[in-house]
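requesting a structural model of the entry that follows:
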Amino acid sequence: MGPQVVSSSTCTAQKALTAGLFSRRPFSRRSAVQCAAAAGQWGVRLAGSGSSVPATFLTNQDLEKLVETNDEWIRTRTGIKKRHILAEGESMAAHCAKASLAALEMAGVSPEEVDLVLVATSTPDDLFGSACATQALIGAKNAAAFDLTAACSGFVMALVTAAQYIRAGTYRNIVVVGADALSRYVDWRDRGTCILFGDGCGAVVLTAKEGECSLRGMQMNSDGNGQKHLHCAFSGAGGKPLGEGASSQGSFSNLFMNGQEVFKFAVKAVPTVIEGALQDAGMQKEQIDWLVLHQANMRILNSAAERLGVPQERVVSNLSEYGNTSAASIPLALDEAVRRGDIKAGDVLGMAGFGAGLSWAGAIVRWG
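Residues are numbered from 1 along each chain as shown. Below is the predicted model:
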């Protein structure tokens, strides 16, 4: 079905669009939404970023005391030197709120103006999600809130999802958060996984704009046949109502990863999904100013950059400081690069997330 036609009696297009979506005055959301959808002209602007990580961290030397490993072995195979870890009693939602408020401040948007809070996470504080807790903590009293679970691809998929609400004219200000605390589900005596993962959070504010959309192109993929290579499965009792564990606590197993298979998947998926997003954008790889990729392994980052022809100095990386923070890694790296002044308004970014599912997603965006 094609787009609904809205008559001039419903709204005077330019007046209602301007007054409705961009003024600070109260407005009729329904009429503004109808006008925007009919005109089909709303774009997305990436207006602000923020991040937050726990103060507690573990270095490679700390891990030497826990498992049979050493700093050189970890660094040469992964590029990781340390990882930040949630402390006892510390919540992921608190970090989501801190990152979101920093992003809102950069964007010049007040919490009351936020229409939607979207949190990409696989490790919420509550099984029912962390988005509503984040919404409450930042004071976004007029916003809806929900979680999206797509593991390490989560932030890119959430960014693309949020953009559709703005493009459709439904919302004008959205906070997109990527947050994970995989330290809760890591076996800290398994050197194959404990060296890799850390906790953290990053956020981006998307706002409505007239004209060209800053989300230039995207591609998203999934292959459930690869789930066996990377998962964190339910490990509680089955048939609980009638079994001996009728009152037992529900639980999940520690994270399992077949590192070799995941590595082979990633080195192929990352450049491929960036190329797909470029094709969707009608752009060439030479137009990318920065690669902002999921921070999983330095060898994966280097391989993707080489295939795409992007110089190493144009690959944003904070892997050595934080390790793999799952859905948080892209917005966390992005925020640090923006605040350092590396990424500037108008720069074209190639983003790609990949991980459990298996899932992988890419986006070509223009910052600012």
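
please enumerate the strands of the protein.
Using DSSP state E, the strands of the chain run over residues 42-52, 57-59, 82-84, 116-120, 144-148, 173-181, 199-210, 215-222, 230-231, 256-257, 290-293, 315-316, 348-355, 359-366.

any chance of CSV for these, columns mean pLDDT and distance to D335?
Where you see a C-beta, it was placed from the backbone N, CA and C, and this is true even at glycine. Putting these into CSV (pLDDT from 0 to 100; distance: least, CB to CB, whole Å) gives the following:
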stretch, mean pLDDT, distance to D335
strand 42-52, 96, 4
strand 57-59, 97, 18
strand 82-84, 97, 14
strand 116-120, 98, 15
strand 144-148, 98, 19
strand 173-181, 98, 10
strand 199-210, 97, 5
strand 215-222, 96, 18
strand 230-231, 88, 26
strand 256-257, 88, 27
strand 290-293, 97, 10
strand 315-316, 96, 10
strand 348-355, 96, 12
strand 359-366, 96, 14
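
could those strands be laid out in TSV, adding distance to E275 and mean neighbour count?
As requested, these are exported to TSV (distance: least, CB to CB, whole Å; neighbours: other CB atoms under 10 Å):
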stretch	distance to E275	mean neighbour count
strand 42-52	22	24
strand 57-59	36	16
strand 82-84	31	24
strand 116-120	23	29
strand 144-148	24	19
strand 173-181	23	30
strand 199-210	23	27
strand 215-222	8	20
strand 230-231	23	19
strand 256-257	26	18
strand 290-293	12	25
strand 315-316	16	20
strand 348-355	9	27
strand 359-366	8	27
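
adding distance to T193, write the ones you listed out as CSV.
Formatted as CSV, the strands of the chain follow (distance: least, CB to CB, whole Å):
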stretch, distance to T193
strand 42-52, 24
strand 57-59, 13
strand 82-84, 12
strand 116-120, 21
strand 144-148, 24
strand 173-181, 14
strand 199-210, 14
strand 215-222, 22
strand 230-231, 10
strand 256-257, 6
strand 290-293, 20
strand 315-316, 24
strand 348-355, 13
strand 359-366, 19
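
quick one, helices of the stretch 151-300 of the chain?
With DSSP state H, counting those that start in this stretch, the ranges of helices along the stretch 151-300 of the chain come out as 154-167, 191-194, 259-281, 298-308.

find me whatever residue is spatially closest to K228, sequence neighbours aside.
N258 (7.7 Å; CB to CB, 6 or more residues apart in numbering).

is it correct that S320 is in contact with T78?
No: at 9.1 Å, S320 and T78 do not qualify as touching, with contact defined as CB atoms under 8 Å.

and these two? Which one has more around it.
Neighbour count, other CB atoms under 10 Å: between S320 and T78, T78 has more, with 20 against 15.

excluding its backbone neighbours, what's nearest that one?
N297 (5.3 Å).

and if you look at T56?
A87 (4.7 Å).

cool, G309 as well?
Per CB to CB, 6+ apart, closest to G309 is K285, 5.9 Å.

look at that neighbour and report its pLDDT.
At K285, the predicted lDDT confidence score is 93.

now do the contacts for it.
For K285, the contacting residues are I274, E275, L278, L308, G309, V310, G350, by CB atoms under 8 Å, 6 or more residues apart in numbering.

let me know the distance separating the second one from S214.
From E275 over to S214 the distance is 20 Å, taken as CB to CB, to the nearest Å.

do the third one as well
Applying CB to CB, one obtains 15 Å for the distance of L278 from S214.
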